[in-house]
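**Q** how does the following fold in three dimensions:
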Amino acid sequence: MKKKTTFVVAALMAFTFAAQATTIDLIPVGNPGNAGELSGVSAGGYGPDAIVGAVDYIYQIGKYEITAGQYTEFLNAVAETDAYGLYSTSMVGTYGCGIQRGGSSGCYTYSVSADWVNRPVNWVSWGDAARFCNWLHNGQPTGAQGPSTTEDGAYYLNGATTSEQLMAVEREEDAKWWIPSENEWYKAAYHKNDGVTGNYWDYPTGTDIVPSNDLLTPDPGNNANFYQDGYAIGSPYYMTVVGDFENSESPYGTFDQGGNLWEWNETVIYASSLRGARGGYCGSEAEGLHASWRDYGDPTDKGARFGFRVASVPEPGGITLLVCGAIGGLIWRRRGN
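**A** Predicted coordinates:
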């Protein structure tokens, strides 16, 4: 097995000082009005039964999971005083994503080294993901966590931190960026992209055949980062660089909707007490990648297995982030839209 070392954004190099721009890449998902299909325990999987995948509008979804680098930029913009706990010290633990925090409250700074910058962020709750989306909706402002930065926009949070408060949050009608609904997430992952149909693959690599977890160069296709007689990539990373399985995309062109991390979605599961999560992660077996598998978590849960991607209105123009190299790692600063 030959390990890959390429980054999605090749311009990101350790110990460089030149500023480079990167974007949140988005994939359009068309075929509005497609039918859904049964997922859950009665479909041979896990979780309560539901018909999922039907979406009657065009939208965009993240080509990749939100990365440690992108989340670090967010933290540097809004978390000098981290009022709502957007950072977790576990991010630098054994199963973390490499984001480090320095300084003291009121003067916190955040950094991530080049070998972690394009791996997905984890140890993020559903509430953290919602606040990230608010920040994108509001144009990536810099300032304290409040209505103009993290507490309003796509979601009206207004300081919500408890499970009960976060379960009551709904997407605003004018949201520009948001956590995908389960239907949006499922369609992008499994729908065959063959018109207004109810045709779906079993796995988000465009196949009904169980994927492998071989990290090869070149990628032969139908591979993902999950546990199959061992990890695809072991310590210290466990998580692969987003898009590393370059020939294992979904029919719409998204990457890593199977494996790497369970991804939060908006859907309320089990009598308004839990939020949905989909796709499996690097420590789960292949069953978690299957279209029938509906996982979930308390919206306050932070853990090594949770990450997210974002969705957006069609053709928003993209988001530009500024990367500033620094000795010992990459510190991210905002340039603007």
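
**Q** tally of neighbours for the nearest residue to D49 once chain neighbours are set aside?
**A** Closest residue to D49 apart from its sequence neighbours, by CB to CB, 6 or more residues apart in numbering: G40 at 3.8 Å. Every residue, glycine included, has its C-beta placed from N, CA and C. If you count neighbours by other CB atoms under 10 Å, G40 ends up with 17.

**Q** surely G40 and S292 touch.
**A** Yes: counting by CB atoms under 8 Å, G40 touches S292, with 6.6 Å between them.

**Q** what touches both of the two?
**A** By CB atoms under 8 Å, 6 or more residues apart in numbering, G40 and S292 have these common neighbours: Y46.

**Q** contacts only, for the residue nearest to D49.
**A** Y46, G47, P48, D49, A50, S292, R294 are the contacts of G40 under CB under 8 Å, 6+ apart.

**Q** what subset of those residues is buried?
**A** Burial by neighbour count, judged by 16 or more other CB atoms under 10 Å, picks out Y46, G47, A50, S292, R294 from the contacts of G40.

**Q** what's the closest of those to S111?
**A** The closest of these to S111 turns out to be R294 (CB to CB; 36.2 Å).

**Q** okay, the residue nearest to the closest one when sequence neighbours are not counted: pLDDT?
**A** Distance criterion CB to CB, 6+ apart; nearest residue to R294, sequence neighbours excluded, is G47 at 3.0 Å. G47 is assigned 95 on the pLDDT scale.

**Q** my read: G47 touches W293, true?
**A** Yes: using CB under 8 Å, G47 makes contact with W293 at a distance of 7.0 Å.

**Q** buried residues, the helix or strand L166 falls within. List them.
**A** Using DSSP states H and E, L166 falls within helix 163-167. Within helix 163-167, the residues that qualify as buried are S163, L166, M167, counting by 16+ other CB under 10 Å.

**Q** try stretch 302-318
**A** K302, G303, A304, R305, F306, G307, F308, R309, V310, A311, S312.

**Q** any idea how far the last one is from F306?
**A** Relative to F306, S312 is positioned 21 Å away (CB to CB, to the nearest Å).

**Q** which members of the buried ones among the contacts of G40 define the maximum pairwise distance?
**A** Largest pairwise distance in those, by CB to CB, is 11.9 Å, between Y46 and A50.

**Q** need the overlap of contacts for the two.
**A** G40, R294.

**Q** count the neighbours of Y95 for me.
**A** That count, for Y95 with other CB under 10 Å as the rule, works out to 18.

**Q** what sits against it?
**A** So Y95 contacts N122, Y238, A304 (CB under 8 Å, 6+ apart).

**Q** mind jotting down where the helices sit in the stretch 51-200 of the chain?
**A** 68-78, 126-137, 163-167, 182-190 (DSSP state H, counting those that start in this stretch).

**Q** how about the ones you listed in TSV, adding mean pLDDT?
**A** What follows is these, written out as TSV (pLDDT from 0 to 100):
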stretch	mean pLDDT
helix 68-78	97
helix 126-137	98
helix 163-167	96
helix 182-190	98
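
**Q** nearest to G280, out of these?
**A** helix 182-190 (10.9 Å).
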